[in-house]
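Student: from the sequence below, what's the structure:
(chains A and B)
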Amino acid sequence: MKHGIRVGVLISVLSAAMIYWMRTIPWMPLEASREAKDIDWLFGLHIDVITFLYVLVNGILIYSIFAFRRKKGEEDAVGANLHGNTKLEIAWTVIPLITVLFFAYLGTIVLSDISAAAADELEVNVTARQWSWSFEYPDAGVKSTELYLPVDRQVKLNMTSVDVIHSFWVPEFRVKMDTVPGMTTNLRMTPSIEGVYKVRCAELCGTAHAAMLGTIRVVSQEEFEAWLQQGQQQETQPEDLSEEELINLGASTADAAGCLACHSVDGTKSVGPSWKGLFGSERPLTDGSTTIADEAYIRESILDPKAKTVAGFPDIMPTNYGETLTSLDVEALIAYIRSLK
Amino acid sequence: MNIKRILLGLIIGVLGGAALYTVMRLLLGMPALASNPWPLVAMAVTTGLIGLMLGIEPSLGLARGLLGMVFGFAVGLLLVYVIRLLLGMTPAWNPEPAWVTGALLGATGFLLGVGVMTDWLKWANGIHTPEQDGPPEGKPAWVRYFGADQNHKVIGVQYTVTGILLLGTAGSFAMIFRTELSKAGIDFLPADLFNTFISIHGIVMIASILLGVGGMANYLVPLMLGARDMAFPRLNSFAFWIAVPGALLIIMALFFGGWDTGWTGYAPLSVRGPLGIDFFMLGVFIFGFSSILGAVNLIATTITMRAPGMSMFRMPIFVWAVLATALIQLTGTQFIGLSFLMVVLERVFNMGFFDPASGGKVLLFQHLFWFYSHPAVYIFILPGLGIISELLPVFARKPLFGYKWIALSSMAIAVMGFLVWAHHMFTAGISDSLRVPFMYSTMLVAVPTGVKFFSWLGTMWRGKLSFPTPMLFVLTSIAVFLIGGLTGPPLATVPTDLHLHDSYYVVGHFHATMFGGFVFPFFAALYFWFPKITGCMYNERLGKIHWFLQTVGFYTMSLYMMRAGLLGMRRRIVDYDPALGVEGYQTVITWAGWIIFISVIIGVANLAWSAYRGKVAEPNPWGSRSPEWQIPSPVPEHNFEEPFEVVGDPYDYGVPGSIYVQMHPKPTSAG
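Tutor: Have a look, this model is predicted:
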């Protein structure tokens, strides 16, 4: 009995201290959505129980190592004649059973809470491709390579992929959903803090998976309305912009459309050729010929990448940029590449 | 050793390989010389090594198998070329179907060459072949370890050593990409190669674990049951050797563009990737036969070959774990084979199983894949948990607490393992009417696992514990598997999984289950039965150094992996965003990984050196009651010279006067 009392006291004190300590640790990144609050609460509860069980098992283990070790002169000694205890076995079957069922029940409740539809939810269509994200606001008829969201309003994402499986994850929002070719998946979330976040593709999707990031801008309702209206207005023509504006637009398009996942702008060799010093240079092609990288060549390489492939690089660039980029985007990209001397 | 013959073999091998390569190119309608010299070099090196081995010992099964594989490939490539030529298909040389056929015939050629089918082919022709008795006559003793030997102990050693070789291979790939990850930014490993390396690390580790499990089961089960061998010795040999071409195909994938899908090979990414994916998937498909056939053998042996008096509940507890494992292997492995075969068929014949445009379903792949691949983790851990239960009573000098509960909890895990697969798909786009039931079923797995933990604690309670190296590994197994087990429920709960899924938290979680459930128990078993297998003792001090480094390294690695995942670190990325604040953790994980790597080298070196030069071990150094410790070490050819009868329970260490096995000396003459 004395061992039981000692270990009981040890575990009570240690587990209380450990649970207290664990609660002070900021496990998660910024809590920037309403769903994050529910999920973090449930995770915290998990951590409490995990900590208790961790101390319980390790407490008995370590106590046994010290209290029941074979001492000098006990070389042939044997342990107590204990074969088992059915009551104990039933107890440590039933108590864990109730605990896990309780957690599954809590999980069900929280899941139904965070996936319930709000009356004023905003619908956004999300398309994933190797290796970029694009967004469409069907009610306003606006397309974008960045996801603008109004703060404190629920958004329902209708997501699909045009090539392989990707996964939409915003760690600050705590939610994740795959985008699957041939079907539409849904994800609801309610951003609660204004700011800039990243969508991080969480499903291995090929070469540039690590770089498949998208930008999310959570803004006030007014800013969001203004941005939508701007998007609805007549499309800007390349001639309307100064060279500098065009270059700036090209730089942000390159980032948002995922170009920079494979093409560096500082001369580093990556999956695709670097853009630095590209414009006007002589390009060796896979068929042994060469060509000069003028505007027509760059335009063709964006819209029909298979037409001419540079020697030494894999022919893996997506062929659908003609559908996802506007002609303004393409001209801006050309201006940007031209500027990278 | 015949130096002249060895040199001749080497020269013939190199020249023959180069000639075969050139002739193949000409036959396939290509110019004799390729612009890329490396395939020629690789071919010449391979056949040179085969020639070298044949020069050392012309009957060496491994070398003959490799030669058969080379010719099988050549026949397959030509076959497809000729068929396409005759059918007027252009181009007649199409690498994908040609190499796929080559791989299948190559594996067949290996099996024919190594000699595991020789007896069966003779039987087909009505020729009687006797059961093998002892090592091949007139040859060095080591030759039997490199050929189609039918003795379960030889096969057990073959499995274990191959498993350790693959463990080292997969671990080395891990160290390369782990070093790349120690700092943000891409330092030396390009993205495509990184993706290939993580994939090969995953699948080769799995192959190595399956071989390690096979090694422990094959060596120990007949000994523990009192059998002279396995139920089907020829099938046993076949089951081991078919794993070898499977593993070779997986490694060959590296030279055919690698593969960037991870070991999970999700369609449609795997349908689009390089030729290496075919090699990887066919390799796994062929490897699967090893699991299935090995399982048939273990089940039959356990059911039919127990010693007199050994009822099921008097078997050593490890046999229960192996039985549960074998049942999963027998019923589940087909599904990963099927899912990978379907991807290969879609690639080669455009069968649109997973292509929505052809009426296929993307998610179908994941259902098929995880229907095996979730239960597979129980294949990896159940034998390890069996080792923990097996060794604890020996070092606690006390009966196993709740024998029947532990035995049946293994069976419960085996059955429940088949009901939880969709938790790998909580974020895949399946409906809530699937997510919620699978959340409940997944949670239930915690219950039989908990029974094991508490029963282990019960076994230690009021024992007389001693701590040689195997016991230290057992204790760390419990502590590490505890981390793996306890971090499971947040993944099983759908809302928290929405954050954790496919993050580094998952990476930390399953590495803890794999190390606690396999790696640490596997080393415990290696140290524990090392004196039985070799008759020599390992170096205790080095064993403890190995244990200490691996324990410290692993604890650090898995905890920091989970920490990084919570902060937003994704799985399988070559580069991460330093803004997440995980770079410091990544550096620590890399250092910890290197410590584990070094500790394993120390451990393996200790065992290898001790097998060669170790002190002679006592017949029963641990004072175990198990039957295999009641006979000489190393074990005689057919195990028990004297038949025995089971007259008590296996683990009654604290019970005065009790015995488990009663040896019956053989009558001296038949009359």
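Student: what sits closest to the closest residue to chain B within chain A if chain neighbours are left out?
Tutor: Of all residues in chain A, A:Gly182 sits closest to chain B, at 2.5 Å by C-beta to the nearest C-beta. For glycine as for every other residue, the C-beta is placed from the backbone atoms N, C-alpha and C. Distances taken as C-beta to C-beta, 6 or more residues apart in numbering or on different chains put B:Pro356 closest to A:Gly182, at 2.5 Å, once the chain neighbours are dropped.
Student: now do the same contact list for that neighbour.
Tutor: By C-beta atoms under 8 Å, 6 or more residues apart in numbering or on different chains, the contact set of B:Pro356 is A:Pro181, A:Gly182, A:Met183, B:Val362.
Student: pLDDT score for it?
Tutor: At B:Pro356, the pLDDT value in this model is 91.
Student: as PDB, could you dump the C-alpha coordinates of the lowest-mean-pLDDT helix or strand in chain A?
Tutor: Lowest on mean pLDDT, DSSP states H and E among the helices and strands of chain A sits helix A:321-324, with a mean of 78. Only the C-alpha atoms of helix A:321-324 are listed here, as PDB (Å, rounded to 0.1, in the frame of the first residue of the first chain):
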ATOM      1  CA  TYR A 321      -2.000  30.700 -67.900                       C
ATOM      2  CA  GLY A 322      -3.900  31.900 -70.900                       C
ATOM      3  CA  GLU A 323      -7.100  31.200 -69.000                       C
ATOM      4  CA  THR A 324      -6.000  32.500 -65.600                       C
END
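Student: and for that helix, what are the contacting residues?
Tutor: Counting by C-beta under 8 Å, 6+ apart, A:Thr127, A:Arg129, A:Ser132, A:Ser134, A:Ala257, A:Ile302, A:Leu303, A:Asp304, A:Pro305, A:Val330 sit against helix A:321-324.
Student: so B:Leu181 versus B:Phe188, what's the distance?
Tutor: 11 Å (C-beta to C-beta, to the nearest Å).
Student: before we move on, what about B:Gly65?
Tutor: 36 Å.
Student: quick check: which element contains residue 222?
Tutor: No chain in the question, so chain A it is. helix A:221-232 (DSSP states H and E).
Student: not quite, I wanted chain B
Tutor: helix B:191-225.
Student: list the buried residues in that helix.
Tutor: In terms of neighbour count (16 or more other C-beta atoms under 10 Å in any protein chain shown), helix B:191-225 has its buried residues at B:191-225.
Student: point out where the stretch 201-341 of chain A drops to low pLDDT.
Tutor: A:234-236 (pLDDT under 70).
Student: near chain B, which residues of it show up?
Tutor: Proximity of the stretch 201-341 of chain A to chain B is confined to A:201-211, A:213, A:270-271, A:314 under the rule C-beta under 8 Å from any C-beta of the partner chain.
Student: kindly indicate which of those lies nearest A:Thr24.
Tutor: A:Ala202 (28.5 Å; C-beta to C-beta).
Student: tell me the phi and psi of that closest one?
Tutor: The phi and psi values for A:Ala202, taken as degrees, to the nearest 10, are phi -110, psi 0.
Student: how close does B:Phe289 sit to B:Ala243?
Tutor: From B:Phe289 over to B:Ala243 (counting by C-beta to C-beta), the distance is 8 Å.
Student: now A:Ile65
Tutor: On the measure of C-beta to C-beta, A:Ile65 and B:Ala243 end up 39 Å apart.
Student: and for B:Tyr651?
Tutor: Per C-beta to C-beta, B:Tyr651 is found 33 Å from B:Ala243.
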